[in-house]
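# starting from these lines, generate the structure:
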Amino acid sequence: MRSREVTGAELVALRQALLDWYDENRRELPWRATPGDRPDPYRVWLSEVMLQQTRVETVRPYFERWIQRFPTLTALGAASLDEVLKEWEGLGYYSRARNLHRAVREVADRYGGRVPQDPERLRALPGVGRYTAGAILSIAFGREEPVVDGNVRRVFARVFDDPAPKDSGLWFVAERIIPGERPGDLNQALMDFGATVCTSRSPTCGRCPIDLHCRARAAGTVGERPAPRRPRETPIEKHSVAVVRHEETLLLVRRPGRGRLGGLWEFPGVSRSPGESIVAGAHRAATEWAGIKVAVVRQLGSVDHAFSHVRVTYDAVLASPKTDPSRGLAADGVRWVREGELGEFALPRAQRRIAELL
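Sure, this is the predicted structure:
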């Protein structure tokens, strides 16, 4: 990265300009401590996990509800995974919730409920990578640990006029700029600045506090930095979903603990093979998930949902059991649930939309 050419004096000036800007423009967010108060490591950790690939506006209400439900690290560790996933429902990327729950319990077991301040121990926890560890250590504990996220990447790419900065170069400059007072505020300044001023599509260069340090501004290449990445072709999957109704109950199954939507409840469904019909897929779903045969009553409709790496069309049918409905209930993660009780289970958003088709 071209940041390797920057001098120490430039970094000192850049650092101070960002901190001065932050003092006047810091965002008021529910997970941030007010100036002068000590940040809560649990709140910092939770917010950073929730903010991964998710916008601040989306996270804010989830964070506030979560803190009401699980106000402390101890309260979260004492909760069941079902309770955790239910509270996370709708936020997506559910592996974040599973890993956070596992990590919090590990902190309770190994570190007496206190978030470790050693970088290696912190990064060894489930779901805690270099960025998350850096955010927790710098913001909550005042450690000189760098962070690099999408906002920081964009700021550095423009400041150093680099069209395609490599991760190694980004971390290199982050490590050089972090030493000094208020490392947590500096990291938050970089993130806030990238989110509100040095934005991806409409940067407000006219009110930029670091424009004198910005090589892309001088070269007229701000709009080209960093260069947009070539979009990947998104595969499409077709799924059949069997909404099996018996009297006033519906059949729910729990997904395996790992993988997409791990640990959540859903109606039995399968990804269809080429040439397989919607109805045939629904029959297969009921058999594979619950060990029962069904009679299809009618088609309910379709629900489209986009994941980060795939688009899925869920074609749902209403069915009734042809075999003993209690068959398959011996298996873990198979339940008949009263329709009015669906709200008590953690279901993915697409499954909620399928339920609305009834």
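
# so where's this structure uncertain?
1-5, 327-331 (pLDDT under 70).

# and the closest residue to Leu73 other than its chain neighbours, how far is that from Ala135?
Leaving aside its sequence neighbours, Leu73 sits nearest to Tyr42 (C-beta to C-beta, 6 or more residues apart in numbering; 4.4 Å). Any C-beta I mention is one placed from the backbone N, CA and C, and that applies to glycine too. Tyr42 sits 13 Å away from Ala135, taking C-beta to C-beta, to the nearest Å as the criterion.

# Val197 too?
Distance from Val197 to Ala135, by C-beta to C-beta: 20 Å.

# who has more neighbours, these two?
Just comparing Val197 and Ala135: by other C-beta atoms under 10 Å the higher neighbour count belongs to Ala135, 25 against 18.

# SS state for the residue nearest the centre of the chain?
In the chain, the centroid-proximal residue (C-alpha atoms, centre = their mean) is Gln52; its distance is 4.2 Å. Three-state call for Gln52 (DSSP: H, G, I helix; E, B strand; the rest coil): coil.

# report the contact partners of the closest residue to it other than its chain neighbours.
Nearest residue to Gln52, sequence neighbours excluded (C-beta to C-beta, 6+ apart): Arg96, at 6.2 Å. Arg96 sits next to 49-50, 52, 88, 127 when contact means C-beta atoms under 8 Å, 6 or more residues apart in numbering.

# ok, of those, which come out buried?
49-50, 88, 127 (16 or more other C-beta atoms under 10 Å).

# how about the helices in the stretch 151-300 of the chain?
Using DSSP state H, counting those that start in this stretch, the helices found in the stretch 151-300 of the chain span residues 167-177, 183-196, 215-219, 278-290.

# would TSV of those with distance to Cys205 and mean neighbour count be doable?
TSV is the format used below for those (distance: least, C-beta to C-beta, whole Å; neighbours: other C-beta atoms under 10 Å):
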stretch	distance to Cys205	mean neighbour count
helix 167-177	20	18
helix 183-196	12	22
helix 215-219	6	17
helix 278-290	53	21
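
# ok, which of the ones you listed comes nearest Asp324?
With respect to Asp324, and counting by C-beta to C-beta, the nearest of the helices of the stretch 151-300 of the chain is helix 278-290 at 11.1 Å.

# which strands and helices sit next to that closest one?
strand 236-246, strand 249-254, strand 269-271, strand 294-306, strand 311-321 (3 or more C-beta pairs under 8 Å, 6 or more residues apart in numbering; DSSP states H and E).

# could you say which one of these comes nearest to Gly169?
Here strand 294-306 is closest among the helices and strands packed on helix 278-290 (C-beta to C-beta), at 31.8 Å.
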